[in-house]
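Q: please work out how this folds:
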Amino acid sequence: MARILIVDDNALNLELAQDVLEMSGFEVKTADSGAEGVAKAREMQPDLVLMDLRMPGMSGREAMRVLHDDAATCHIPVAVLTASAMKGEQKRLLQQGFDAYIQKPIDPSTFADEVRSLLEN
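A: Numbering: from 1, shown residues only. The predicted structure follows:
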């Protein structure tokens with residue numbers, strides 16, 4: 001069973017993503033800030049981190065960099081999970097170090113398959 005860490009400051013987004021993934025057999029933990037996400041990633045060593053981009057305090061971009069720069073977590077893929085859909089944003093975020101891009105709002109009928117696909121690649 002794959003372990004997923006979802007980091008998002010929006011409780012509704014967290015709950016929906018967690019419910020969809022758990023119903024599909026994933027083990028899911030959540031964090032509501034970048035700093036908490038970094039701490040939980042170090043502790044649980046998830047197979048994938050789904051990271052919101054805009055959060056108070058440590059942003060998703062900053063948290064991703066911390067995870068990638070830490071020998072204990074640098075092997076963990078970090079996918080950005082964002083509602084930011086400006087032209088060229090996906091390409092910029094991937095160039096900045098995110099391993100994948102998932103657009104919000106998530107589609108509950110396809111979200112688990114998207115996550116499963118990321119884990120297989």
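
Q: number of residues surrounding Tyr101?
A: Residues lying near Tyr101 (other Cβ atoms under 10 Å) number 18. (Each C-beta comes from the backbone N, C-alpha and C, glycine too.)

Q: ok, Phe111 to Pro105 distance?
A: Distance, Phe111 to Pro105, using Cβ to Cβ, to the nearest Å: 10 Å.

Q: again with Glu62
A: Counting by Cβ to Cβ - Glu62 and Pro105 are separated by 24 Å.

Q: show me which of these two is the more surrounded one.
A: Using other Cβ under 10 Å as the criterion, Glu62 and Pro105 rank with Glu62 on top: 14 against 11.

Q: can you pull the pLDDT of that one?
A: Glu62 carries a pLDDT value of 97.

Q: then Ala85?
A: Turning to Ala85, the model gives it a pLDDT of 69.

Q: below-threshold pLDDT in the protein: ranges please.
A: 85 (pLDDT under 70).

Q: please enumerate the strands of it.
A: Along the chain, the stretches classed as strands by DSSP state E are 3-7, 27-31, 48-51, 78-82, 100-103.
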